[in-house]
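K.L.:
model this:
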Amino acid sequence: MMQAIVFLPLIGCIIAGLISIVGAHARNPSGDEVEHHADAHDHGEVAVDEAAGVIHASSHEPDGNGHDDHPAAEPAAAGSRAAELITTGLLMVAAVLSWVVLVDVGFGHNDARIALFPWITSGDLQVAWALRVDTLTAVMLVVVNTISSLVHLYSIGYMDEDPYRPRFFSYLSLFTFAMLMLVTADNLVQLFFGWEGVGLASYLLIGFWYHKPSANAAAIKAFIVNRVGDFGFALGIFAVFMLIGSVDYETIFAGAPGLTGKTINFFGWQADALTLTCLLLFMGAMGKSAQFLLHTWLPDAMEGPTPVSALIHAATMVTAGVFMVARLSPLFELAPTAQAFVMFIGATTAFFAATVGLVQNDIKRIVAYSTCSQLGYMFVAMGAGAYSVGIFHLFTHAFFKALLFLGSGSVIYAMHHEQDIRNMGGLWRKIPYTFAVMCIGTLALTGFPLFAGYFSKDAIIESAYASHNPFGPYAYLLTVGAAALTSFYSWRLIWKTFFGEPHDQEHYEAAHESPLWMLIPIGVLAAGSILSGFPFQQLFVGHGVEEFFRESVKMNPHILEDMEHMPALLSPLPTVMMFLGLAVSYLFYMSRPYLPVELANQQPLLYQFLLNKWYFDEVYDLILVRPTKWLGRFLWKVGDGYIIDGFGPDGVSAWVLDVTRNVVRLQTGYLYHYAFAMLIGAAGLITWFMFGAGG
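P.N.:
Sure thing, here's the model as predicted:
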């Protein structure tokens, strides 16, 4: 059964990929002919067949101005419906089997290790391909496959106008397979395979509409920023192998206590071995999970289709870092300094992203910064040693964040691909179903009582207060503050989108509910945003944690007990802050809508600071991008062009040409020139003989 869960998405990926390749060949058999379409000429563009590898004029999402300027210029690829149904059907089967595994492993205690085949044998490095099945794996299987199957189903309706749907569904299934390889890995090398696989799939999906320069730039940015984190992650894996001599989880966890107090030479610095190793591993998590300093790729990932955003933000790539820290909890529990850093970064990210979300106007970017903030919450729990609590929030967050993204996609679909909430308004009358599920997702995200986020997010805040981490008070204050900010920007999105007067009358009049393919998944996610909270609370936060998770995570032995002794006055504080954010947003955008403009005019520096995302992109461009480009250009023009080529191949060839050109000039063809040359030669020879050799 486990093999089916993991490899069914891969089978779907291969089938959809073959359909895409066959369809591309069928529409352009020669592989090098450019087809010009009338629709493209009407829009002043040239549509080119995909097989030629160049730009085409089809698009389903808006351009940089938030508008879809051109309809699809090409018919759907042959086999599109088959690719959609096959990949979605296989994911549905995998999702159902994942829930069966969760019951069998979590409650039946049937943990297993399924060996598939030997993989790498090189000296002391022995790596086998195996599937590790424990409670942590089972929870992640449910999250990944459930959300991915719903995203596949949703995409059938959302991508109905795109001519390259087989390629899209192949990429989606590849993304899911890579994440499944990551969460079922039994060693760090196999984990790294899945880790890089989700990075590759995210690059392909973010840049799916490669005719948009912004999509290409966003895909490259995500890939490069993640390479920074992955470099640290790779060093961390090397350090583990150097210290323990194995990359197998069981061997690592058994040998980790023996590393306490040992040091490692790191560029002449005798660093604590476990602390340095955990910090390097966490550097990878900072990149994948878009934590503070390595977060800049996540908002730009919105350039991909909306279903891609939902999959990245809810179930796959960004949750990889949280899962990795939970999986390696036996190491982090022995490195309190590394745990302190994890909590500091998590709390800073939660607050930072929440402040930026206050002023964003793109509906998808608001939800994207919300993801960044919520991931920070999860890492706060990891830093506190409450790993089950962090995984609980990952579990609940998957449902309501996927709901918010797919709900936003339904709004965009209804508004003819408009994404700016300032151009919306009054939509609750036009799309009441979407409005209802978006409200459910917002209630869950903000931590409204009885909704999923209320149980998981409040538990994280309590764990920060109860922890003995030196950054515990810092994390508690910032997460409480972020709770108010989250409520404010989340309800701001609802007020601006669904209430008030329409700002784009033409799009408003044409607005309508999305197809059933899109409405069913968001309805299921709305149910999950309620039911994933209270029914699972005892398993993740209560007295059932030890029996449910067993050895799959190494919890701080006192954290859950200390959380129960939270002061009575502080326990309701996150809920109070949530209601405060709700009240202020209602005042600003419903009761007195002129206040936000006045506040922005009174505080222009603060407004621009937040609107420009704390200027991280500008700072990185100044201190990293520009110097790197200057260095590259210098090495190209001066080092390679002037010095190497100038004094090397080009210089030698130019010298030979100059010499031969001058020698050729001596061959004039006149007899008296040759006679004169002979006379000069004879005189020279006589002179040399008289004064040289003769003397």
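K.L.:
on the three-state scheme, the spatially closest residue to Ala178 that is not a sequence neighbour is what?
P.N.:
Distance criterion C-beta to C-beta, 6 or more residues apart in numbering; nearest residue to Ala178, sequence neighbours excluded, is Gly197 at 2.9 Å. Yep, even glycine has a C-beta here, placed from its N, CA and C like the rest. Following DSSP: H, G, I helix; E, B strand; the rest coil, we place Gly197 in the helix state.
K.L.:
again with the one 3 residues further on
P.N.:
For Leu200, the secondary-structure state derived from three-state DSSP is helix.
K.L.:
quick check: pLDDT value at the spatially closest residue to it that is not a sequence neighbour.
P.N.:
The shortest distance from Leu200 to any non-neighbouring residue, by C-beta to C-beta, 6+ apart, is to Ala178 (7.3 Å). As predicted, Ala178 sits at a pLDDT of 95.
K.L.:
doesn't Ala178 belong to a helix?
P.N.:
Yes: counting by three-state DSSP, Ala178 falls inside a helix.
K.L.:
does Tyr387 really touch Ile559, like I thought?
P.N.:
No: assessed by C-beta atoms under 8 Å, Tyr387 is found out of contact with Ile559, at 9.2 Å.
K.L.:
please enumerate the helices of the stretch 101-250 of the chain.
P.N.:
135-158, 165-183, 188-206, 213-244, 249-255 (DSSP state H, counting those that start in this stretch).
K.L.:
list the buried residues for the fourth one?
P.N.:
In this case it means helix 213-244. The neighbour-count criterion (16 or more other C-beta atoms under 10 Å) identifies 215, 218-219, 221-223, 225-226, 228-230, 232-237, 239-241, 243-244 as the buried residues of helix 213-244.
K.L.:
same check on the shortest one?
P.N.:
By neighbour count with 16+ other C-beta under 10 Å, helix 249-255 contains the buried residues 249, 252-253.
K.L.:
just checking, next helix/strand downstream of it?
P.N.:
As assigned by DSSP states H and E, the chain's next helix or strand after helix 249-255 is strand 263-266.
K.L.:
what's downstream of that next one, the next helix or strand?
P.N.:
strand 269-272.
K.L.:
can you tell me the strand partners of that next one and which way each runs?
P.N.:
Here strand 269-272 has these sheet partners by DSSP bridges: strand 263-266 (antiparallel).
K.L.:
residues near Gly425, how many?
P.N.:
Neighbours of Gly425 under the rule other C-beta atoms under 10 Å: 19.
K.L.:
nearest residue to it in space, please, no chain neighbours.
P.N.:
Once flanking residues are discounted, Gly425 sits nearest to Gly500: 4.3 Å by C-beta to C-beta, 6+ apart.
K.L.:
the one you found should be in a helix, yeah?
P.N.:
No: using three-state DSSP, the assignment for Gly500 is coil, not a helix.
K.L.:
stretch 192-203: which residues count as buried?
P.N.:
Within stretch 192-203, the residues scored as buried using 16+ other C-beta under 10 Å are 192-199, 201-203.
K.L.:
okay if I get those as TSV plus pLDDT and distance to Thr479?
P.N.:
TSV is the format used below for the buried residues of stretch 192-203 (pLDDT from 0 to 100; distance: C-beta to C-beta, whole Å):
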residue	pLDDT	distance to Thr479
Phe192	95	31
Phe193	94	34
Gly194	94	30
Trp195	94	27
Glu196	94	31
Gly197	94	32
Val198	93	27
Gly199	93	28
Ala201	93	31
Ser202	93	27
Tyr203	93	32
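K.L.:
let's have the helices of the stretch 101-250 of the chain in TSV, adding distance to Ile19.
P.N.:
Below are those laid out as TSV (distance: least, C-beta to C-beta, whole Å):
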stretch	distance to Ile19
helix 135-158	15
helix 165-183	4
helix 188-206	16
helix 213-244	23
helix 249-255	38
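K.L.:
poorly predicted segments of the chain, please.
P.N.:
25-74, 693-695 (pLDDT under 70).
K.L.:
go again using 80 as the cut-off
P.N.:
23-78, 266-268, 503-510, 645-652, 654, 665-668, 692-695 (pLDDT under 80).
K.L.:
strands along that one, start to end?
P.N.:
Using DSSP state E, the strands of the chain run over residues 112-122, 125-133, 263-266, 269-272.
K.L.:
ok now the second one, how far from the chain's centre?
P.N.:
Looking back up the chat, that one is strand 125-133. Remark: strand 125-133 is offset 26 Å from the chain centroid, using C-alpha atoms, centre = their mean, to the nearest Å.
K.L.:
ditto for the longest one
P.N.:
Mean C-alpha position of strand 112-122 versus that of the full chain (C-alpha atoms, centre = their mean) differs by 29 Å.
K.L.:
repeat for the third one
P.N.:
In terms of C-alpha atoms, centre = their mean, the gap separating the centre of strand 263-266 from the centre of its chain is 32 Å.
K.L.:
now what about that strand, what contacts it?
P.N.:
239, 242-243, 270-273, 276-277 (C-beta atoms under 8 Å, 6 or more residues apart in numbering).
K.L.:
could you rerun that using 7 Å?
P.N.:
239, 270-273, 276 (C-beta atoms under 7 Å, 6 or more residues apart in numbering).
K.L.:
try the longest one
P.N.:
Strand 112-122 is contacted from outside by 2, 127-133, 186, 189, using C-beta under 7 Å, 6+ apart.
K.L.:
circling back to that earlier point, so what's the residue nearest to Leu200 up against?
P.N.:
Contacts of Ala178 (C-beta under 7 Å, 6+ apart): 194, 197-198, 201.
K.L.:
from Trp129, how far out is it?
P.N.:
14 Å (C-beta to C-beta, to the nearest Å).
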